[in-house]
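*Asks:* A structural model of the following input is requested.
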Amino acid sequence: MFSKNLIYLRKKSNLSIAELSEALKLNDYKIIEKWENNLETPKVIILSKISHFFGITIDDLMEKDLSNY
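*Replies:* Model prediction:
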């Protein structure tokens, strides 16, 4: 669910992968591509940054289909 939610939230916010990477202060935007393609899952500290950035909880980010809300 995480990868689907990340794509949804990023596109809803009109952000490119590079822009989101910059906003989260990540060194490499390619990690976001891996997350969106469900190849990797970020560590909890990064999940916290992502959820804070989008104003949602980590539980919602990981478990709910946010496109339905």
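*Asks:* Go through stretch 17-33 and flag the buried ones.
*Replies:* 17, 20-21, 24, 26, 31-32 (16 or more other Cβ atoms under 10 Å). C-beta: built from backbone N, CA, C; applies to glycine.
*Asks:* Tell me who's in contact with the residue nearest the centre of the chain.
*Replies:* Residue closest to the average C-alpha location in the chain (Cα atoms, centre = their mean): L6, at 3.6 Å. Residues in contact with L6 (Cβ atoms under 8 Å, 6 or more residues apart in numbering) are 32, 35-36, 50, 61.
*Asks:* In the chain, what residue spans correspond to helices?
*Replies:* Using DSSP state H, the helices of the chain run over residues 2-12, 17-23, 30-36, 44-54, 58-63.
*Asks:* Columns mean pLDDT and distance to Y69 on top of the ones you listed, output as a markdown table?
*Replies:* What follows is these, written out as a markdown table (pLDDT from 0 to 100; distance: least, Cβ to Cβ, whole Å):
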| stretch | mean pLDDT | distance to Y69 |
| --- | --- | --- |
| helix 2-12 | 97 | 10 |
| helix 17-23 | 96 | 20 |
| helix 30-36 | 97 | 19 |
| helix 44-54 | 97 | 12 |
| helix 58-63 | 96 | 8 |
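*Asks:* how near is the closest residue to L47 other than its chain neighbours to M1?
*Replies:* In this structure, L47 finds its nearest non-sequential neighbour in I58, 5.1 Å apart by Cβ to Cβ, 6 or more residues apart in numbering. According to Cβ to Cβ, to the nearest Å, I58 and M1 sit 12 Å apart.
*Asks:* now F54
*Replies:* Taking Cβ to Cβ as the measure, F54 falls 14 Å from M1.
*Asks:* of the two, who's got more company?
*Replies:* Ranked by neighbour count (other Cβ atoms under 10 Å), F54 and M1 place F54 first, with 19 against 13.
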